[in-house]
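# sequence below, structure please.
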Amino acid sequence: MNTTVTSTLLTLPTAVPLAVAGAYALTGSRQARQAAMVPTAGELVPAAATGAGLPPIAVAEEPEPGKAAEEPESGKGDPEPPTRGWGGLVSPAVILACGGLLAARVLSEGAVSAYAGLLRADALTAWMLLVIGAVAFVACASTPAHLAGERAAGRATGQTAWRLHLLIHAFLAAMCLAVVTANLGVLWVAIEATTIVTAFLVGHRRTRASVEAAWKYVVICSAGIGLAFLGTVLIYYAARQAGISETWALDWPTLVARADRLDPAVTRLGIALVVLGFGAKAGLVPLHAWLPDAHSQAPAPVSALMSGVLLSVAFGAVLRFKAIADAALGGDFTRALLTAIALLTLALAAALLLAQRDYKRMLAYSSMEHMSLIALGAAIGSPLALSAALLHIAGHGLAKSVAFCGAGRVLQLTGTARIGRVRGLFARSPWLGACLGAAVVALLGFPPFSLFASELALARAGFADGMGWPMAAALLLVLIAFAAIAARTARMLLGPAPTPRTPDEAPAALWPLLTGLTACAALGIATGPLGDLLTHAATVLEGH
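Got it, this is the predicted structure:
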């Protein structure tokens with residue numbers, strides 16, 4: 001019975017999003033066929049339908065009294081998008097439930113596995129599932145309001161709405177598979193799958209800028225994934241040379257347990273390639289250039305998922321390989337490598353934030369800043385630093401999902417992503433302005449939000465572990481980024497409202513943002529039982 005329950009809990013986070021994606025695909029195609037059979041204004045009806053020998057005729061709509069006939073709208077006759085349904089919350093709910101149940105089992109029984117060890121859950125797995133589920137809940141709950149705004153502006157049709165839902169849930173399935181698998185080869189395949197799916201999501205609008213961003217994303221991330229593949233092959237080679245059978249040569253627990261047998265030179269090269277490769281997906285230097293373009297051009301819920309969890313899932317892969325490297329080489333190699341990458345990424349993000357004029361790109365560079373802090377926590381490597389890094393992953397995911405979803409609503413409201421053209425959000429749309437302002441406050445590390453606690457713990461761990469100079473440099477760069485983000489956000493939020501004043505956001509668009517902010521604040525006040533999960537996850541990453 002326990003085996004069946006374990007298999008179910010490990011399978012559902014991937015299977016349910018795939019099933020939901022399939023349901024959207026089937027429903028969308030069926031409604032598209034039905035809509036194609038119904039003639040709309042200006043559409044020709046074949047002669048066979050109007051009588052033999054008669055030419056095709058056009059079906060015209062009767063204009064309302066006193067109103068001139070209008071041209072048919074693009075997308076008319078498309079299947080109606082699911083802007084009012086909440087079926088998209090099934091996947092996040094299942095992921096959260098499975099993450100919670102797996103956390104309870106892991107804390108009481110230790111790591112569990114299924115399918116001959118192919119799927120496995122430890123404390124890190126459970127934590128990442130909870131983060132994916134929480135961020136996905138905010139993003140998916142915000143999607144109906146986002147689609148309604150796009151539909152009203154004529155930028156979305158029924159088919160594009162169904163396609164967006166389908167790809168989002170396929171994206172969730174790929175990320176969950178990357179988290180629950182114990183095989184490093186399957187991990188690589190899952191992260192590569194996220195690249196394929198999100199390429200279509202980045203280019204969803206099919207504008208020149210979005211298609212260019214999608215191609216840039218594909219090219220750079222494919223190069224990174226190629227490096228990660230080569231690094232994974234080298235680790236496999238080192239494992240085979242160490243006498244590990246081919247069945248278990250990419251099994252993460254086996255590699256951690258037998259890491260002392262791996263050839264140091266091969267392992268060092270493999271780990272360096274893996275860190276650079278998966279670091280590209282995490283938005284770290286040097287393969288980071290895709291991130292601001294992709295995040296600024298993707299639909300707001302997609303940007304929330306990419307920034308909130310895709311970067312963290314990719315860095316989770318780095319953490320898994322780091323545990324192998326530390327056991328095989330000692331901690332100095334990965335400490336030096338991750339510290340250098342973290343500080344370079346943080347310096348670049350701070351410099352670019354000073355010159356930023358686009359608020360979506362500003363949030364993207366903020367993601368680079370926070371991922372560099374997480375990488376610095378991994379470089380320190382102490383239990384306090386690792387726990388703080390994992391808490392930072394959760395807090396950043398929640399705050400950034402709210403920020404991107406709020407920024408998407410601002411873009412629909414104002415029609416511009418330029419910071420200089422947005423004024424008086426507090427006066428224009430008080431609730432939306434308050435949510436966006438609170439999300440930025442959270443990202444800046446103010447209490448009571450969890451990023452305050454995680455950044456404070458990272459600083460304590462760095463100074464206590466002999467990394468005072470790197471930590472001091474990081475804090476200085478964070479202060480520069482803080483000033484840049486605060487000044488630009490204040491310009492958008494403050495000032496008089498434009499005339500005529502627009503009505504405030506509907507509750508359907510606001511409650512997901514308030515939920516995400518509440519969860520982020522709750523994590524900052526008290527982690528509760530999640531504190532034990534964080535401690536166990538840090539122990540897992542230490543290789544114990």
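# when you work out contacts or count neighbours from here on, use the C-alpha atoms and nothing else.
Fine.
# output the lowest mean pLDDT helix or strand found in the protein.
When the helices and strands of the chain are scored by mean pLDDT, DSSP states H and E, strand 57-58 comes last with a mean of 36.
# how about the helix or strand following it: buried residues?
Downstream of strand 57-58, the next assigned helix or strand under DSSP states H and E is helix 90-109. In terms of neighbour count (16 or more other Cα atoms under 10 Å), helix 90-109 has its buried residues at 91-100, 102-107.
# and which of these is nearest Leu177?
Distances from Leu177 to those, taken as Cα to Cα, are shortest for Ile95 (11.3 Å).
# for that closest one, what are its contacts?
Neighbour list for Ile95: Leu12, Pro13, Leu129, Leu130, Ile132, Gly133 [criterion: Cα atoms under 8 Å, 6 or more residues apart in numbering].
# same thing with Ile225?
The contact partners of Ile225, taken as Cα under 8 Å, 6+ apart, are Trp188, Glu192, Gly277, Phe278, Ala280, Lys281.
# which of those residues lies closest to Phe321?
Closest to Phe321 out of the contacts of Ile225 is Phe278 (10.2 Å), distances taken as Cα to Cα.
# isn't that closest one right next to Gly224, touching?
Yes: between Phe278 and Gly224 there is a contact under Cα atoms under 8 Å: 6.4 Å.
# pLDDT weak spots in the stretch 351-500 of the chain?
Filtered on pLDDT under 70, the stretch 351-500 of the chain yields the residue ranges 498-500.
# can we see that at 90?
355-356, 412-416, 420, 423-430, 466, 494-500 (pLDDT under 90).
# mind listing the strands for it?
For the stretch 351-500 of the chain, no strands are identified by DSSP state E, counting those that start in this stretch.
# same question, the stretch 201-350 of the chain
Counting by DSSP E, counting those that start in this stretch, the stretch 201-350 of the chain contains no strands.
# helices - which of the contacts of Ile95 land there?
Leu12, Pro13, Leu129, Leu130, Ile132, Gly133 (DSSP state H).
# quick check: phi and psi on the residue lying closest to Ile341 once chain neighbours are set aside?
Leaving aside its chain neighbours, Ile341 sits nearest to Val285 (6.1 Å; criterion: Cα to Cα, 6 or more residues apart in numbering). Note on Val285: its backbone torsions stand at phi -60, psi 140 [degrees, to the nearest 10].
# run a quick neighbour tally on Val285.
A count of neighbours around Val285, defined by other Cα atoms under 10 Å, yields 21.
# for Ala104, give its distance to His392.
Relative to His392, Ala104 is positioned 21 Å away (Cα to Cα, to the nearest Å).
# contacting residues around the residue nearest to Ile341?
Gly279, Ile341, Ala342, Leu344, Thr345.
# between which two of those residues is the distance greatest?
Farthest pair in the contacts of Val285 (Cα to Cα) is Gly279 and Leu344. Separation: 12.6 Å.
# what about the two, which has more around it?
Taking other Cα under 10 Å, Gly279 and Leu344 do not tie; Gly279 has more neighbours (28 against 17).
# burial count for the nearest residue to that one once chain neighbours are set aside?
Nearest residue to Gly279, sequence neighbours excluded (Cα to Cα, 6+ apart): Phe315, at 6.6 Å. As a burial measure, Phe315 scores 25 neighbours (other Cα under 10 Å).
# thank you, goodbye.
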